[in-house]
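Chemist: this is the structure alone, sequence omitted:
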């Protein structure tokens, strides 16, 4: 079992508010968002927030107790927790350290098995899964799933480690399309139904998403509602394509998880990656604060408490809005015990409060039409200025190099070998061809890789066709190429799709050929 945080820190370490205040340099302050409409934390209600250092969930139940569950994203231990109000510190009592005796942590491993060309990355992912399982503790429950177009559960959460290793050894990259967001959301939903104290999802993917109906916000919202932490490992196919890894990095950042990027050459990851992530998943516990001192001092209504945490090397403050019975906020005469003063027993109650009479409304003594005239004149001046600025912007756009490029003739054309002889203008370089929707020419065919080929311009201004490490290759005039200069009429095959290259537009193909109508023998 991993080392648990200290259970119930002694009073001499918890109630030293002065010591705590001196140590909170660089404190992060965050306001909780409560579940109620009014923005307060009612008795029994929940409020939670996620920062770059910790994840906190608080509930006021019963009314004189504030109970908070917390998790530290760096895996460190809590030293003290203090609630501060009106200059006084109320120490917290840690009632549970995680993992406690009945705790279980459910971990689902989700592997992206799309694109057969990614099999080397899958082989590294199998090795990384073994490293993750090597750090398993008795309270951990692991599961395994893969995805491409759909989600495939290969081992339910709670499967023995031996059976899970066997399922991982059979992972193969064989899918065609990557529906990342939809399938990650489905994995979060399944993990949310698991009976476990904490839940974590590991995504092993290149980050490329070909979803249209599901998005990043859908996954994050569901993960936060199901209390699922998302960790991820990114496997880039090349340096240029590593930008796609931002998709899974954001999922980890916004759900309190860890992200690590594998090396793009051998897919290795830093040592200790899984140990740090498992410690962060299993860190924290529960802490309680006795609010009876506030009630005894006559504090009531809406109150903002400063909830302070001190770890081994960090200090944090979270503002927690709560609601205490009686009044509409702290009384001006209420003083916490220990301040050397007494609460005024005759302080003004809500029922005794009489609002001051409103002053009678006096009609204006000056006419209002000059103000309206001035307002209309001001609006006319603003409208004229906007029109002048608009004309200048249009003129600058019309004179810009981008406008000139828009009106310029394309560099060349790609003509598809379909029944319509569809033409695609090559109007820039590089000009990319592939199955992915971000290409300049998108070909929806499974024989075409997501980034298959591109047309570039060399130093002499010649157009070159280059293969982007595609699975099925690029052929020019029936010869497989890595890179070659394109010439008029060249036949090109991208996967199973045929096309040809031309420098001429459609008008050239429809012009009548020159006909010799008369000949003359030279003298």
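Modeler: Looks like it arrived, so ask away. Please read these numbers as outputs of a predicted model, since none were measured by experiment.

Chemist: what's the closest non-adjacent residue to residue 412?
Modeler: The shortest distance from residue 412 to any residue other than its chain neighbours is 4.5 Å, reached at residue 426 (C-beta to C-beta, 6 or more residues apart in numbering). (Each C-beta comes from the backbone N, C-alpha and C, glycine too.)

Chemist: surely that neighbour is in contact with residue 409?
Modeler: No. In this structure residue 426 lies outside contact range of residue 409 using C-beta atoms under 8 Å: 10.9 Å.

Chemist: tell me which of these two has more neighbours.
Modeler: Between residue 426 and residue 409, counting by other C-beta atoms under 10 Å, residue 426 is the more crowded of the two (22 against 8).

Chemist: now do the helices in this protein.
Modeler: Per DSSP state H, the chain has helices spanning 11-14, 17-22, 119-134, 161-169, 180-192, 216-225, 246-253, 273-281, 292-296, 369-398, 401-407, 506-510. These are given in chain order.

Chemist: most tightly surrounded among those?
Modeler: Among those, ranked by average contacts under mean count of other C-beta atoms under 10 Å, first place goes to helix 180-192 (a mean of 23).

Chemist: tell me what that helix is packed against?
Modeler: strand 105-112, strand 140-147, strand 151-155, strand 198-205, helix 216-225, strand 228-234, helix 246-253 (3 or more C-beta pairs under 8 Å, 6 or more residues apart in numbering; DSSP states H and E).

Chemist: tilt between it and helix 216-225?
Modeler: With axes from the mean of the first three to the mean of the last three C-alpha atoms, to 10 degrees as the criterion, the two stretches helix 180-192 and helix 216-225 enclose an angle of 10 degrees.

Chemist: now do helix 180-192, average pLDDT.
Modeler: Summarised as a single mean, pLDDT over helix 180-192 is 96.

Chemist: give me the residues contacting that helix.
Modeler: Contacts of helix 180-192 from elsewhere in the structure, counted by C-beta atoms under 8 Å, 6 or more residues apart in numbering, are 106, 108, 110, 112, 145, 147, 150-151, 153, 157, 199, 201, 203, 205, 207-211, 213-216, 218-219, 222-223, 225-228, 230, 247-248, 251.

Chemist: and stretch 237-253, by the same measure?
Modeler: 117-118, 121, 180, 184, 203, 205-209, 216, 219-220, 223, 230-232, 234, 236, 257-259, 261, 264, 451, 469.

Chemist: which among the contacts of helix 180-192 end up buried?
Modeler: With burial judged by 16 or more other C-beta atoms under 10 Å, the buried subset of the contacts of helix 180-192 is 106, 108, 110, 112, 145, 147, 151, 153, 157, 199, 201, 203, 205, 207-211, 214, 216, 218-219, 222-223, 226-228, 230, 247-248, 251.

Chemist: circling back to that earlier point, export the helices of the chain to JSON lines and tack on distance to residue 66?
Modeler: Shown next, in JSON lines, are the helices of the chain (distance: least, C-beta to C-beta, whole Å):
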{"stretch": "helix 11-14", "distance to residue 66": "15"}
{"stretch": "helix 17-22", "distance to residue 66": "16"}
{"stretch": "helix 119-134", "distance to residue 66": "36"}
{"stretch": "helix 161-169", "distance to residue 66": "40"}
{"stretch": "helix 180-192", "distance to residue 66": "26"}
{"stretch": "helix 216-225", "distance to residue 66": "21"}
{"stretch": "helix 246-253", "distance to residue 66": "28"}
{"stretch": "helix 273-281", "distance to residue 66": "24"}
{"stretch": "helix 292-296", "distance to residue 66": "10"}
{"stretch": "helix 369-398", "distance to residue 66": "52"}
{"stretch": "helix 401-407", "distance to residue 66": "58"}
{"stretch": "helix 506-510", "distance to residue 66": "74"}
